[in-house]
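In: Sharing a model prediction with you, sequence too.
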Amino acid sequence: MSNEKKKIITRRNFLGGAAATAAAFTIVPRHVLGGPGQKSPSEKLNIAGVGVGGKGFSDMQSVRGENIVALCDVDHSHAAKAFKGFPQAKVYSDYRVMLEKQKDIDAVVVATPDHTHAVITMAALKMGKHVFCQKPLTHTVYEAQKIAEAAQQAKVATQMGNQGQASVEARLLYELIRDGAIGQVREIHGWSNRYPRISPRGIPRPKETPPVPSTMDWDLWLGPAPTRPYHPCYAPFTWRGWWDFGCGVLGDIACHNFSAIFKTLNLGYPSRVEACSSNYQCPEEIRNETAPLSSIVRFTFPPNEVCPGLELTWYDGGIMPPRPEELEPDRQFGGGDGMLYVGDKGKILNHRLIPEAKMKEYGKPPVLLPRSPGHYEEWIQACKGGKPAGSNFVDHAGLLTEVVLMGVIALRLNTVLYWDSTNKRFTNNDLANQLMNPPYRQGWSL
């Protein structure tokens, strides 16, 4: 490493900032370790899955080295593959019945639609179960706050399903930036281009009311969401674009894309969030129902001990930041998911310096973080008394989800919002504060 690189971050700032940020990867806070009932590393966990017809099936496959003792899904036809794949597991439709009846469950994997993440996760936490929950951790800002608080009180092992946080690439990004490879980070740009057929967006609520499939409990699927008739445009997989059930492309992908830089730069709450989208000229029946086909959301973060303050801008639906002039003319820019980090001495595309010649000249940064055994293995080890998983609810996933969902609120209102991080509320928009914690349907509570 050259002397010039060493001088970009002072020794005091580097050591203080690196220690604080590395703690999210390496240090074992007591509040996430269980008590005397912890499983020994050699003992298998008894794991239950809730929402096992889609992503939940692959989640269960990823932990199948443990004992899969229960599977729960409101649509038994959609979940048939999982039921067949784990014939030893008891089958349920209602997670509440499962948690009440089956006393041998140690840990729960939650992979339902976003709007039921919090109620299921909270029920498991209150019963002292370890929890793995898919991203985003919750459907609302308030839920994210309460789930993080409950996880801290429960002293159990938790992990959100943003698997990329465990990758070598996430660590390389940390090490490049902390080594001063691009100087001080001034701008961050992230994008995702999800086809509308994956999550229909920019459309009104359907008027048809087809019958509910005989294998499905529609009322349980709705959970705390407002009552509406069943329609296949919501379930089993096309719910993400509907505000009552999902959080649009931003909520779907930003917990993946933003995770590494949140850890690298110790990002906390933004002071300002601004959004605009293709929903702007749509009628209210569309704006209030579905996420937009395309959007831009800008988060302004104040200075901290690691960075001087910066703007993080999100794009989706084919909108992209300006192509960096450092990128080789024959290299594609965009087209899927990606991140661009702009410093005062260079740029990183995803986890590599650009142009590629600069990356080759630079070589490898010094190793500052231990490598992960794997996203699911982190959680399994934490359940058995090991160090906290990298995306545990208390130290990382709760805050990350809160910030992403603050962006969703700005997007829904197509406006600029100012955030009071002390009182955890928006200072300039009462409707935005209401959207932080919309009411649950009668009979449901957190």
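Out: Arrived safely, thanks for sending. Residues are numbered from 1 along each chain as shown.

In: any idea how far Val74 is from Glu289?
Out: According to C-beta to C-beta, to the nearest Å, Val74 and Glu289 sit 22 Å apart. The way it works is simple: take the backbone N, C-alpha and C, and place the C-beta from them, glycine included.

In: quick one: contacts for Gly407?
Out: Gly407 sits next to Leu250, Ala254, Val273, Ala275, Val297, Phe299, Trp314 when contact means C-beta atoms under 8 Å, 6 or more residues apart in numbering.

In: In a strand, the fifth one, correct?
Out: Yes. If the criterion is DSSP: H, G, I helix; E, B strand; the rest coil, then Val297 is within a strand.

In: which residues does it bridge with?
Out: Ala275, Trp314 (DSSP bridges).

In: Tell me who's in contact with it.
Out: Counted by C-beta under 8 Å, 6+ apart, Val297 has contacts Leu250, Val273, Glu274, Ala275, Thr313, Trp314, Gly407, Ala410, Leu411.

In: Excluding residues flanking it in the chain, which one is nearest the third one?
Out: This means Glu274. Spatially, and ignoring its direct neighbours in sequence, Glu274 is nearest to Val416 (4.1 Å; C-beta to C-beta, 6 or more residues apart in numbering).

In: pLDDT at that neighbour, what is it?
Out: You'll see Val416 listed with a pLDDT of 98.

In: next one: phi and psi at it?
Out: Note on Val416: its backbone torsions stand at phi -110, psi 140 [degrees, to the nearest 10].

In: number of nearby residues for it?
Out: 15 (other C-beta atoms under 10 Å).

In: correct me, but it touches Ser271?
Out: No. Counting by C-beta atoms under 8 Å, Val416 stays clear of Ser271, with 11.2 Å between them.

In: Find the nearest non-adjacent residue to the most centrally placed residue in the chain, please.
Out: For the chain, the residue nearest the mean C-alpha position is Cys255 (3.2 Å; C-alpha atoms, centre = their mean). Nearest residue to Cys255, sequence neighbours excluded (C-beta to C-beta, 6+ apart): Lys135, at 3.9 Å.

In: Quick one: residues contacting the one you found.
Out: By C-beta under 8 Å, 6+ apart, Lys135 lies in contact with Met160, Gly161, Asn162, Asp252, Cys255, His256, Ala397, Thr401.

In: out of the contacts of Val297, which are buried?
Out: Buried by 16 or more other C-beta atoms under 10 Å: Leu250, Val273, Glu274, Ala275, Thr313, Trp314, Gly407, Ala410, Leu411, out of those.

In: Check what pLDDT Ser271 gets.
Out: Predicted confidence (pLDDT) for Ser271: 98.
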